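> next one to model:
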Amino acid sequence: MAVTIGTPPATGWWGVRRRRGPGLRLRMTLVATGLVAGASALLLWLGWLLVGGVVAAVPRLPDGSRVRVDGHEIPADQLGVVLGRHAREQVLTSGLVAFLCVVAATAILAWVFTGRVLAPVHEVTETARRLSAESLGERIRLEGPRDEVAELADTFDQMLDRLQATFDSQRRFVANASHELRTPLAVIRTELDVTLSDPDADTEELRRMAGVVRDAAMRAEQLVEALLLLARTDAAGLAVHEPVDLAAVVASAWRGARADAQRRGLRLSFDTRPALAVGDPALLERVAGNLLENAVRHNVDGGWLTVRTEAGPGWSRLEVASSGPVIPPERVTELFEPFRRGVVARTGKSGAGLGLSIVRAAVAAHGGRLRAAPVAAGGLAVSVELPAAPA
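Got it, this is the predicted structure:
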């Protein structure tokens, strides 16, 4: 037997909590009407008391005399009492009519004005109901005075901006992963099919097949790791904010690219001065590593590579420049799109084509600036500027 702890929320068939009791507009109208009705009733009662007391204070007439009021003769000593009662009846009759009119007018005006005040809130509600993963581009963009309701609408729009960025990042991740993983998976399947269909496959052939499958699996693993890092960087802000020395980051990241640079005979020039920036050390090391790996991988044998760090007022800079193939200036921006390798898209033999995309996303997450320019004789120069750590 299942036991439920607590009271389950009241929800409709679509999973949305049902509203209990009157709406905000009706409650505001009832409160305003109740306050005006109470104040009017108090004024009517005070008027009833005052009028009766004032009219009753009439001059005394001689004892034994009689006066005619409304066709009736009454003793003179009862004149004040009769006039007071008559005045109170008139005030009560007229006051009740005015009371009902004031209460009715207050209810109508409160209903109309609260409706106008709450119209933006209803607009926010309707927008939220229309939203789905395919329509996150819709915004309220409320016009008018900058009051609390406008602040609510602006906050809702900002929330939608964050949600859309997250959904877009997830879509890009799924699309890129599904597209790029086809190649290593196809290689693995082809090698396995060919080897299994060969009845004469020997140990050497099996070793060759295993090596190809291992390389394809490693490429798929690297691709998935790069895609996950890119998705996390695009969708979320920085989790760590601490001083990071760009010179130390470059020294750590260079260990992974040094062997390839020596193998290709590159001429190296490092001018790494202390430059403190604020950010995530692991992510900034990935930025430096991707820039260095990209500069080595897309260089030419016997080419050159220069790395420079410096600190300025309010910023710290990392510059990586290298020789390489000639890049048209109009193609530089494309290099920072996913799966661009040099001037070739999705056809590179090494790397996942995501290095510079990760650099761009990481620099944006740090609130920095990224600049890139082709080298006249061939190659690329990339400059990263990041907020400096406070002294």
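> I'd like the average pLDDT over the helix or strand Phe156 falls within.
Counting by DSSP states H and E, the secondary-structure element that holds Phe156 is helix 148-180. Averaged across helix 148-180, pLDDT comes to 75.
> centre of the chain to it, how far?
In terms of Cα atoms, centre = their mean, to the nearest Å, the centre of helix 148-180 is found 7 Å from the chain centre.
> give the next helix or strand downstream of it.
Reading on from helix 148-180 to the C-terminus, the next helix or strand found by DSSP H and E is helix 182-197.
> only C-alpha atoms, please: export that next one in CSV.
Only the C-alpha atoms of helix 182-197 are listed here, as CSV (Å, rounded to 0.1, in the frame of the first residue of the first chain):
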residue,chain,number,x,y,z
ARG,A,182,28.8,9.6,-37.3
THR,A,183,32.3,9.5,-38.7
PRO,A,184,34.1,7.6,-35.8
LEU,A,185,31.1,5.3,-35.4
ALA,A,186,31.0,4.6,-39.1
VAL,A,187,34.7,3.8,-39.1
ILE,A,188,34.3,1.4,-36.1
ARG,A,189,31.3,-0.4,-37.8
THR,A,190,33.1,-0.6,-41.1
GLU,A,191,36.3,-2.1,-39.7
LEU,A,192,34.3,-4.6,-37.6
ASP,A,193,32.1,-5.7,-40.6
VAL,A,194,35.1,-6.0,-42.9
THR,A,195,37.1,-8.0,-40.4
LEU,A,196,34.3,-10.3,-39.4
SER,A,197,33.4,-11.0,-43.0
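> which helices and strands does it pack with?
Using 3 or more Cβ pairs under 8 Å, 6 or more residues apart in numbering; DSSP states H and E as the contact criterion, the neighbours of helix 182-197 among helices and strands are helix 203-235. Using the backbone N, CA and C atoms, a C-beta is placed for each residue, glycine as well.
> hey, where'd the strands end up in the protein?
Shown for the chain, the strands assigned by DSSP state E span residues 66-69, 72-75, 242-245, 267-272, 276-279, 304-312, 315-323, 340-341, 344-345, 369-374, 379-387.
> with mean pLDDT, mean neighbour count and distance to Val117 added, can I get those in a markdown table?
Converted to a markdown table, the strands of the chain look like this (pLDDT from 0 to 100; neighbours: other Cβ atoms under 10 Å; distance: least, Cβ to Cβ, whole Å):
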| stretch | mean pLDDT | mean neighbour count | distance to Val117 |
| --- | --- | --- | --- |
| strand 66-69 | 59 | 12 | 53 |
| strand 72-75 | 62 | 11 | 56 |
| strand 242-245 | 91 | 17 | 46 |
| strand 267-272 | 94 | 13 | 60 |
| strand 276-279 | 90 | 22 | 43 |
| strand 304-312 | 94 | 18 | 51 |
| strand 315-323 | 94 | 22 | 46 |
| strand 340-341 | 54 | 20 | 52 |
| strand 344-345 | 44 | 12 | 54 |
| strand 369-374 | 92 | 16 | 44 |
| strand 379-387 | 93 | 21 | 42 |
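> do you know which of those strands lies nearest Ser94?
With distances scored as Cβ to Cβ, the stretch of those nearest to Ser94 is strand 66-69 (19.7 Å).
> tell me the bridge partners for the closest residue to Ser269 other than its chain neighbours.
For Ser269, ignoring the flanking residues on the chain, the nearest one in space by Cβ to Cβ, 6 or more residues apart in numbering is Thr306 at 4.3 Å. In this structure, Thr306 has the following beta-bridge partners (DSSP bridges): Ser269, Ala321.
> pLDDT weak spots in the stretch 1-150 of the chain?
Regions of the stretch 1-150 of the chain meeting the criterion pLDDT under 70 cover residues 1-22, 51-84, 86, 131-135, 144-145.
> how near is the residue nearest to Glu293 when sequence neighbours are not counted to His298?
The shortest distance from Glu293 to any non-neighbouring residue, by Cβ to Cβ, 6+ apart, is to Ala257 (5.1 Å). Taking Cβ to Cβ, to the nearest Å as the measure, Ala257 and His298 are separated by 12 Å.
> give me the angle between the longest helix along the chain and helix 148-180.
With DSSP state H applied, the helix covering the greatest number of residues in the chain is identified as helix 79-130. Computed by axes from the mean of the first three to the mean of the last three Cα atoms, to 10 degrees, the angle separating helix 79-130 from helix 148-180 equals 10 degrees.
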